[in-house]
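K.L.:
next comes the sequence, and after it the predicted model I'd like to discuss.
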Amino acid sequence: MKILVIGNGGREHVLAWKFSQSPKKPRVYCAPGNAGIAGQARLVPIAATDVAGLLKFALSEEIDLTVVGSEAPLALGIVDAFKKNHLKIFGPQQEAARLESSKVFTKEFCRRHKIPQAGYAVFDTFEEAKKRVETSTFPLVIKADGLASGKGVVVAQTKTEALAALEEILVKNRFGSAGRRVVIEEFLKGEEASFIAVCDGNHVLPLASAKDHKRLLDADRGPNTGGMGAFSPSPLVTSDVYEKIMEKIMLPAVKGMVTEGFPFVGFLYAGLMIGNGEPRLLEFNVRLGDPEAQAILFRLKTDLIDVLEAALSGRLNETRLSWETKASACIVMASKGYPEKSEEGIAIEGLQEAGALQELFVFHAGTALKDHHIVTAGGRVLGVTALGSDLPSALDLAYEGVSKISWPGCQYRKDIGK
Ligand code: AMP
Ligand code: GLY
């Protein structure tokens, strides 16, 4: 069996790692991958957004199953293109991927299907949006409609910050067509959790819960990032909260997509704000989270190939997942300058020492091989992931791994899971 993973981050590394452990002994490919993924998969030098190139490769190599890691190829319609060519691929079709690629679509979808979310209004001119901001109370959340690599959301504490964000998006066109419209949203209080499920169009099979740390600096200071660390399970998702998430958010979303004519097949990720035991939706993503995937899949005992094949044949209702009862933690190590820019080509030391620790794995994100040495090649560089009998022990081990790795300018949070 041949499996192709698409992407080059830590999430794609844990996918390749998980597939490489399957009793089916598949041959795993990853396009384009990174220096670490090369340990588990054969790298294919085709960009994740080169849909035509990936299709040609999958056809000529007779790939049995393709799994898409990131949102960009999904929004470009890679699933539609592969299906047209009778190739098996796991992920939502382009229309269903709008749950992530358009915040306006998602807000309106949630309104139609009574999914609890923040109150909002949509604007396509700076003047109209400004009028709204003039009469609002703060904080207030400003979101570009389209995909903006996690940079399109601003939690504005003041009117000045809100107007600056609107100007960036609607006047200076910082995000191009992704910023043609903005959502101005009520600020929700509470604690965040990530809830990800495998969906087959009709059924929802939740993965273990997780918590991501989005801000760059300790104590949730600094700018938002793609995620600086994660752990699983999240104690916020009690059985009561779990039931509410399923009943009020996940099941209505999957049913809603069926009624609207775009059944959702893929990983559906709900970014939630949980306040007073009530979950409300901040966003949907149509893929696994990164670094949540590292923390979650590190605990999954079931063969992921079986799960995805069951999803592709609409049999998820017959599938059960088995989890490691231990907790997991993933600490992201990032380049100097992240998230604004990243210093690349810097040699990373200590990977072997960290890798020698039991129950720990160093997943790679922005890494490359240069003169036989692994160097930085992106913003988020590594996700040091460990298991422990409880969360504090998982964190201790993950930080022990982190302490063995270094490069000039490396940054990471010291308070993941605290
Ligand atoms: P999003 O990409 O929509 O999940 O937003 C990115 C981050 O901004 C979230 O993880 C939250 O930390 C924050 N955020 C987004 N929307 C809200 C909201 N309505 N209230 C409070 N915080 C929010
Ligand atoms: N860690 C958040 C995300 O993947 O969107």
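P.N.:
Arrived safely. The shown structure was predicted, so the numbers you read here are calculated from the model rather than taken from an experiment. Residues are numbered from 1 along each chain as shown. Ligands and ions are numbered 1, 2, ... in the order given.
K.L.:
residue contacts, Leu288?
P.N.:
Taking C-beta atoms under 8 Å, 6 or more residues apart in numbering as the criterion, Leu288 is in contact with Arg11, Leu15, Gly69, Ile196, Phe267, Tyr269, Ile296, Leu297. To be clear about C-beta, it is placed using only N, CA and C from the backbone, and glycine gets the same treatment.
K.L.:
specify the local secondary structure of it.
P.N.:
Using DSSP: H, G, I helix; E, B strand; the rest coil, the structure places Leu288 in coil.
K.L.:
against ligand 1, how distant is the residue nearest the centre of the chain?
P.N.:
Centre of the chain computed as the mean C-alpha position; nearest residue by C-alpha atoms, centre = their mean is Gly289, 2.0 Å away. With the distance defined as C-beta to the nearest ligand atom, to the nearest Å, Gly289 ends up 10 Å from ligand 1.
K.L.:
now do the SS call for Phe109.
P.N.:
With three-state DSSP as the basis, Phe109 sits in helix.
K.L.:
surely it and Gly256 touch.
P.N.:
Yes. Judged on C-beta atoms under 8 Å, Phe109 makes contact with Gly256 at a distance of 6.3 Å.
K.L.:
now do the shared contacts for these two.
P.N.:
When contacts are counted by C-beta under 8 Å, 6+ apart, Phe109 and Gly256 are jointly contacted by Ile115.
K.L.:
about what we covered before: OK, contacts around the residue nearest to the centre of the chain?
P.N.:
With contact set as C-beta under 8 Å, 6+ apart, Gly289 has these partners: Arg11, Ser194, Ile196, Ala210, Asp212, Gly227, Ala230, Tyr269.
K.L.:
swap in Asn202?
P.N.:
With contacts defined as C-beta under 8 Å, 6+ apart, Asn202 is in contact with Val254, Val258, Pro263, Gly314, Asn317.
K.L.:
near ligand 1, which residues of the stretch 101-250 of the chain show up?
P.N.:
By C-beta under 6 Å from any ligand atom, the residues of the stretch 101-250 of the chain that approach ligand 1 are Ala118, Val141, Lys143, Val153, Val155, Glu185, Glu186, Phe187, Leu188, Glu192, Lys214, Asn224.
K.L.:
quick check: the first one touching Lys189?
P.N.:
Spelled out, it's Ala118. No. Because the distance of 10.5 Å does not satisfy C-beta under 8 Å, Ala118 is recorded as not touching Lys189.
K.L.:
these two: which is more packed in?
P.N.:
Residue environment comparison for Ala118 versus Lys189 gives the larger neighbour count to Ala118, 18 against 8, counting by other C-beta atoms under 10 Å.
K.L.:
can you redo the contacts of Asn202 as a markdown table with pLDDT?
P.N.:
Below are the contacts of Asn202 laid out as a markdown table (pLDDT from 0 to 100):
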| residue | pLDDT |
| --- | --- |
| Val254 | 98 |
| Val258 | 98 |
| Pro263 | 98 |
| Gly314 | 98 |
| Asn317 | 97 |
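K.L.:
in the chain, which helix or strand is least confident?
P.N.:
Averaged element by element with mean pLDDT, DSSP states H and E, the chain has its least confident helix or strand at strand 221-224 (a mean of 90).
K.L.:
any idea how far that one is from the chain center?
P.N.:
If you compare the mean C-alpha spot of strand 221-224 with that of the full chain, they lie 18 Å apart, counting by C-alpha atoms, centre = their mean, to the nearest Å.
K.L.:
tell me if it is near ligand 2.
P.N.:
No. Judged by C-beta under 6 Å from any ligand atom, strand 221-224 stays clear of ligand 2, getting no closer than 9.6 Å.
K.L.:
packing partners for that strand?
P.N.:
Using 3 or more C-beta pairs under 8 Å, 6 or more residues apart in numbering; DSSP states H and E as the contact definition, the elements that strand 221-224 packs against are strand 215-217.
K.L.:
circling back: with respect to Glu167, which of the residues of the stretch 101-250 of the chain next to ligand 1 is nearest?
P.N.:
Proximity of those to Glu167 (C-beta to C-beta) peaks at Lys143, which lies at 14.8 Å.
K.L.:
show me where the stretch 51-200 of the chain has strands.
P.N.:
Ranges of strands within the stretch 51-200 of the chain are 65-68, 89-90, 120-123, 140-144, 153-156, 182-186, 191-201, based on DSSP state E, counting those that start in this stretch.
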